[in-house]
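Visitor: Provided below are the primary sequence and the corresponding predicted coordinates.
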Amino acid sequence: MCRARCCASLYVVPLNISVIGTNYLGAAHAAGMAEFGHRVIGVDIDARRVDVLNSGRSTIFERDLEPMLARHTSTGRLRFTTDYREVADWADVHFVAVGTPANPDGSADLSQVFAVAETLGPLLTRPTVIAGKSTVPVGTAMMLEARLRELAPVGDGVEVMWNPEFLREGYAVTDTLRPDRIVLGTHSAEALRTMRYVYALPISENVPIVECDIATAELIKTAANAYLAMKISFINAMAQMCEAAGGDVVLLADALGYDSRIGREFLNAGLGFGGGCLPKDIAALAHRAGELGVPQLTELIEAVEHINSTQRDEMTRLTISALGGNAAGKRVAVLGATFKPGTDDTRNSPSLTVAAALAKAGAEVRVYDPQAHIHQPGVTQHPSVLDALADADIVLHLTEWPEFRQLDPMALDGVVRSKVLIDGRLKLHRPTWQRAGWKVIQLGRASTW
Ligand SMILES: NC(=O)c1ccc[n+]([C@@H]2O[C@H](COP(=O)([O-])OP(=O)(O)OC[C@H]3O[C@@H](n4cnc5c(N)ncnc54)[C@H](O)[C@@H]3O)[C@@H](O)[C@H]2O)c1
């Protein structure tokens, strides 16, 4: 690809970059930094992950990531280590890309972020920029900077800035190389100058740059997630209205989407959102808003969360009702286990919540997913769609992998026991399935259009 080999060299002063934390976010970011022309070392405490990445392979399923890892590890421009000493004084910029999972009360667990400070801080003997990429509650960067300055021999030579990440799993490579925008939150002119070198290539390609204070940068990321979650819950509430009033939520969403002030994206009604980011990020924002005395935001987010969890309960209820009111001993085939297509990520997957609830209700739940590895008590994973569907009493389409849209319902005659389909993502072509003799249930599509 020309981007790294020739174009990058026109714009980029190669810097030494470390990326701390190398999973869904960090692996793509490290490879992307190498693609931009920098020398990169990824740091992780997981030695197995480091070994796999050093061999040019990916530990996650993410389209186009592996070729980029292979290309740059093979030239030595990119490598991975578990040893912070290799990067401490080598790197001009340290990106922090470790996890920020949820505490039981919804607040963000920042222990991984501050563990980075405890390990890296005492090793920092020359001025350096620490660029936070993890999603954190507003106020985290300043606390991190204070702790690092306390620990680092270079003291105030440590500048912490926030550069939040917006990549979507399934599109991590594209989003890293060509982001919609780059947010640089800092109070230091020197850190800003360095970060403009880091992103010289996308800046040369006119990717919008938002330069702002640190608090705004931290808030931009959580606000983006909250807004997206709000759109999904809004359309799901409208799906309930359509169901009650006899309307069609897909036509409604299409019509709304033509309005340029609204847009069609994230107006797909169905089982709602999940994953390792959106749910925990909006919960942390609600929690932080409470701490800062902004109850309006907490209430808004709680309503969004409530609608979202209702969709999972509703899907379970609908399935049991379609099974005649009792799931015990019934065979349920579930298509899709990841929280969305294009990833192997099953964290907080709506599909698996429903699968687990049905298993608890006594059903035999058989799941097929093209990428996920499922470890869910009471649920079995099957190597093919046909295997999962064998003798099913009902079929649930819960993650919209493109291959499920290719299924020929005519070919499923004799495979399932009962031709009943609940399309939890509203993505299958209802007339095709109906023509093949299936009963199709799509929440929010009560209209006969
Ligand atoms: N996954 C996404 O699509 C995405 C998108 C945008 C932002 N984010 C944010 O990025 C951050 C990371 O997300 P993720 O999904 O990659 O998280 P993850 O939990 O999957 O990965 C975290 C990685 O950090 C490593 N790690 C933990 N503690 C460490 C330490 N002290 N030193 C070095 N490595 C350490 C872990 O071993 C793991 O490899 C989170 O804050 C998340 O909200 C994620």
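Guide: On my side now, so go ahead.
Visitor: all contacts plus neighbour counts: C-alpha atoms, from now on.
Guide: Noted.
Visitor: is residue 159 in a bridge, and if so with what?
Guide: residue 129 (DSSP bridges).
Visitor: isn't it up against residue 130?
Guide: Yes - assessed by C-alpha atoms under 8 Å, residue 159 is found in contact with residue 130 at 6.0 Å.
Visitor: state the mean pLDDT of stretch 115-124.
Guide: Taken as a whole, stretch 115-124 has an average pLDDT of 98.
Visitor: ok, stretch 406-413 next?
Guide: 95.
Visitor: now do it: everything it contacts.
Guide: Residues outside stretch 406-413 that contact it (C-alpha atoms under 8 Å, 6 or more residues apart in numbering): 432, 433, 436, 438.
Visitor: rounded mean pLDDT for stretch 148-155, please.
Guide: 98.
Visitor: tell me if it is near the ligand.
Guide: No - using C-alpha under 6 Å from any ligand atom, we find that stretch 148-155 stays clear of the ligand, coming within 13.8 Å at best.
Visitor: end to end, how far does that stretch reach?
Guide: 8 Å (C-alpha to C-alpha, to the nearest Å).
Visitor: picking that back up, can you put the contacts of stretch 406-413 in TSV and add distance to the ligand, neighbour count and secondary structure?
Guide: Shown next, in TSV, are the contacts of stretch 406-413 (distance: C-alpha to the nearest ligand atom, whole Å; neighbours: other C-alpha atoms under 10 Å; DSSP: H, G, I helix; E, B strand; the rest coil):
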residue	distance to the ligand	neighbour count	secondary structure
432	34	13	helix
433	34	19	helix
436	38	15	coil
438	36	18	coil
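Visitor: among the residues you listed, which two are most distant?
Guide: The distance between the two most remote of those (C-alpha to C-alpha) is 8.9 Å, for 432 and 438.
Visitor: mind listing what's buried along stretch 201-210?
Guide: Buried positions in stretch 201-210, judged by neighbour count with 16 or more other C-alpha atoms under 10 Å: 201, 202, 203.
Visitor: make JSON lines out of the residues you listed and add secondary structure and pLDDT.
Guide: Output for the buried residues of stretch 201-210, formatted as JSON lines (DSSP: H, G, I helix; E, B strand; the rest coil; pLDDT from 0 to 100):
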{"residue": "201", "secondary structure": "helix", "pLDDT": "96"}
{"residue": "202", "secondary structure": "helix", "pLDDT": "96"}
{"residue": "203", "secondary structure": "helix", "pLDDT": "95"}
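Visitor: filter the residues you listed down to the ones close to the ligand.
Guide: The subset of the buried residues of stretch 201-210 within reach of the ligand, by C-alpha under 6 Å from any ligand atom, is empty.
Visitor: going by distance to the ligand, which of these wins?
Guide: The closest of these to the ligand turns out to be residue 202 (C-alpha to the nearest ligand atom; 18.1 Å).
Visitor: grab the nearest non-local neighbour of that closest one.
Guide: Distance criterion C-alpha to C-alpha, 6 or more residues apart in numbering; nearest residue to residue 202, sequence neighbours excluded, is residue 178 at 6.7 Å.
Visitor: the one you found touches residue 207, doesn't it?
Guide: Yes - counting by C-alpha under 8 Å, residue 207 is a contact partner of residue 178 at 7.3 Å.
Visitor: show me the contacts for residue 418.
Guide: Taking C-alpha under 8 Å, 6+ apart, one finds 391, 392, 393, 394 in contact with residue 418.
Visitor: try it again with 10 Å
Guide: Contacts for residue 418 (C-alpha atoms under 10 Å, 6 or more residues apart in numbering) come out as 323, 331, 391, 392, 393, 394, 395, 438, 439.
Visitor: closest to the ligand among the residues you listed?
Guide: residue 395 (28.9 Å).
Visitor: and that closest one, what pLDDT?
Guide: Model confidence at residue 395, given as pLDDT, is 98.
Visitor: what sits against it?
Guide: Taking C-alpha under 10 Å, 6+ apart, we find residue 395 in contact with 319, 331-335, 366-367, 388-389, 416, 418-423, 440.
Visitor: burial count for the nearest residue to residue 221 once chain neighbours are set aside?
Guide: Excluding its sequence neighbours, the residue lying closest to residue 221 (C-alpha to C-alpha, 6+ apart) is residue 164, at 6.1 Å. Residues lying near residue 164 (other C-alpha atoms under 10 Å) number 23.
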